[in-house]
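Engineer: here's my sequence, what's the structure:
(chains A and B)
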Amino acid sequence: MKKVFLVLLALVIVAGIWTTSDQQIFAAETVKIGFNAPLSGPSAAWGLPGLEGVSIWLDRINSAGGIQAGNKKYKVEIVKYDNEGVGSKALLGARKLVLEDKVVAMLMLGGPTSDVAQPFLTKHKILTFVLIASDISKKRPYLMDVTDNFPIYHLLDAEYIAEAHPKAKTAAIICQDDAIGLAAIAWSEAGFKAAGIEVVYSKPFSLETTDFAPIVTAALATKPDIISTGATYPEFQALIFEQAHTQGWNATTGCITSACWDFHAITAKVPAKWMDGAVSNFPDFDDPQLSEEHHEFWNAWQARYPGHSWSEIVWEFKGGLDVWKYGVEKAGSVNSEKVYKALKASKTVPHSFGPGVWWGTDVFGIDNLLVPDWPITEVENAKPKVVAHKNFIHWWAKSENRKILYETLKKWKMMK
Amino acid sequence: MQFIGQMILNGLMTSSFYALIAVGLSLVFGVMHIVNFAHGEFYMVGAYTVWVLFALLDWPFFVAVGVAILVVGILGLVSEKLIFRRARGNVLNGFIMSVGLVFILQVAVVEIWGVGKMKPVPAAYPQILHFMGATTWQRFILFPATVILLGSLWYFLGNFKIGRALRASAEDPEAASLYGMSPRKSAALAMFLGSAMAGAAGGLMAPIMSVHPYMGHAVIWTAFVVIIVGGAGNIKGTLYASIIFGFLTTIITTFLDSTIANLVNTLVMLVLLAIRPEGLVAHAEK
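Structural biologist: As a prediction, the model looks like this:
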């Protein structure tokens, strides 16, 4: 009996040593994620702030010992590549990150860069998180949007505006002529139509536009109650609102709406009060309606980057990493394909704004969009405040809404 | 009626801007025969100067614009001395050097102030002026400022010996020497004045446009269209072309859209280039 006890004790000790050394070996292992986004050039505002949130996430995860994948623990490293928002450079970045750096997943902005880089990433089965839902396609099974619900939230904005501003009956949509802008126009138009609001202006403007006076003159001639700037880039948005304000437009029955705001730029051009009541989708993370976790992230970001401008980009790439971590833990592996399958097998996945469900087959051909209850914000003293939450799945459940969306996407040649 | 008035007002503002940015480019081409692609970046440096002095350091707006004119004028002078002088007589070399200068200036600005969101420049005169339509005083001052700056340039070129020498250089570099001015001096002066005009445009437009390191891209093509139609190196022609394209762009953008406006502008330029390659105003009429 004593012998058996000694043998068992020896086995336990050996196993203990083995496990400890095993963990030490694996704790030293590092898993790499690619950050293939514009870090310079005109689109840098859509990439650079993302590194701020990612660096906070990395420190939090790595200081806690890393990420658990089965019985292994990995430190996480982000390998960044500046694609300048250019498709060919995004492909070069994808090749470098996958073939040389051996990343297991990729964070990207999406849009034109996706179109060029995705065939390569799909061939190598690299899980890619983008911020533009309309990039999702069944030809790109490993591309997912797990944070930004662009352009879907435009439907919800329109629904909210119809409820909060019932006298608003007409809308002008002013947005740029590129893949992102056109998607915003099409989805906003569908949202307004479904909400019983007539779209009186929806001409995309050229990216070369420097003077918005004639564009706003034309839009205001249609007497809109609502002005939507869709997903207009920040450098255009402030100039559009300046012209709308100068040319005397005032939201008496409606409001202005946009995917997001650059308050710093806008309030340099129009009085802050003019923005009051503006409807959008992205709260600051110190909003009382959000959770303690959001507030902690906000505080960490403010402490690390004092004086920097907050934008949704700060948290969205980090939000992708949260979902990836969830997938790794579910899969017990960092293997891209296994993580993807584990994520898709989960009925709900934690999104930054709460539990999300997969959707997308009906429009994109594959359920790779994570849809949570999305917050709607209204501006008060140049700060967005959460005033409601809207659920796209409820919107989609109405057959009339689906019909309008299909028709509008076909009109804008986004669906056959 | 208000709609038409607003459109005319918009056209007037656009024409003023086109004139301010294109005249400097035209002057440089006329004297130096250099296609200066960095003219857009000179405009950008002017805007950044006003952003720093007016928006960040609270200097009076017009003092900031004055400094922008001087800074960009000197930048042009230095560029001529260090870069363009070596390309004299070779349009292709000059063009390639100017493209290089585009990247140098963009990277320099990015290194100093970073990229990211546009630099917000508040309006110094945000009050709204109701004249035909509605515009801010900030925007409206572009018109008298353009008239004053271009008028001064015109007066200088016509009434000062050194100015007449510069005009003569545009016709024939050797003729300028009759006024006692070497081709080297003509080039330096043209570059200073042309660049200073770009600095003025950037400075005056900073509160109206988006200030970022790549803002020069958006204006350089339009400026070239204007000077080609006006007759490269022809100041009067450039002014006429600025007015034509200012109103054409405004009207087409209002009734159709801005993409079509760009297309039509380019088409007009190509047609004019085919039927009247010397530009709207022939050199003898300058």
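Engineer: any idea how far the nearest residue to A:H294 once chain neighbours are set aside is from A:K138?
Structural biologist: Residue nearest to A:H294 in three dimensions, not counting chain neighbours: A:F285, with 4.2 Å by CB to CB, 6 or more residues apart in numbering or on different chains. (Glycine included, C-beta is placed from N, CA and C.) For A:F285, the distance to A:K138 (CB to CB, to the nearest Å) stands at 34 Å.
Engineer: close to chain B: what parts of the stretch 301-416 of chain A are there?
Structural biologist: The stretch 301-416 of chain A comes close to chain B at residues A:309, A:311, as judged by CB under 8 Å from any CB of the partner chain.
Engineer: go again with 10 Å.
Structural biologist: With CB under 10 Å from any CB of the partner chain as the criterion, the stretch 301-416 of chain A meets chain B at residues A:308-309, A:311.
Engineer: between A:F285 and A:K138, which has more neighbouring residues?
Structural biologist: A:F285 (23 against 12; other CB atoms under 10 Å in any protein chain shown).
Engineer: the more buried one: what secondary structure?
Structural biologist: Of the three states, A:F285 takes coil according to DSSP: H, G, I helix; E, B strand; the rest coil.
Engineer: and for B:A232?
Structural biologist: coil.
Engineer: show me the contacts for it.
Structural biologist: Going by CB atoms under 10 Å, 6 or more residues apart in numbering or on different chains, B:A232 touches B:25-26, B:29-30, B:33, B:35, B:170, B:224, B:238, B:277-279.
Engineer: and what of A:S311?
Structural biologist: By CB under 10 Å, 6+ apart, the contact list for A:S311 reads A:45-46, A:48-50, A:52, A:234, A:260-264, A:282, A:284, B:116-117.
Engineer: burial of A:D157, as a residue count?
Structural biologist: 28.
Engineer: so what's it up against?
Structural biologist: The contact partners of A:D157, taken as CB under 10 Å, 6+ apart, are A:187-188, A:191-192, A:195, A:226, A:228, A:230, A:255, A:257-259, A:279-281, A:374, A:376-377, A:390.
Engineer: check A:I376 too.
Structural biologist: A:153, A:156-157, A:159-161, A:163-164, A:257, A:279-281, A:283, A:384, A:386-390.
Engineer: list only buried entries from these.
Structural biologist: A:153, A:156-157, A:159-161, A:164, A:257, A:279-281, A:283, A:384, A:386-388, A:390 (16 or more other CB atoms under 10 Å in any protein chain shown).
Engineer: in helices, which of those fall?
Structural biologist: Among the buried ones among the contacts of A:I376, the ones falling in helices (DSSP state H) are A:153, A:156-157, A:159-161, A:164.
Engineer: go through those residues and name the one nearest chain B.
Structural biologist: Chain B has its nearest neighbour among these in A:Y153, at 21.4 Å by CB to the nearest CB.
Engineer: quick check: chain neighbours aside, which residue is closest to that closest one?
Structural biologist: Leaving aside its sequence neighbours, A:Y153 sits nearest to A:N281 (CB to CB, 6+ apart; 4.5 Å).
Engineer: how close does that neighbour get to chain B?
Structural biologist: Applying CB to the nearest CB, to the nearest Å, the value for A:N281 to chain B is 18 Å.
Engineer: how far away is that residue from A:V379?
Structural biologist: Separation of A:N281 from A:V379 (CB to CB) stands at 12 Å.
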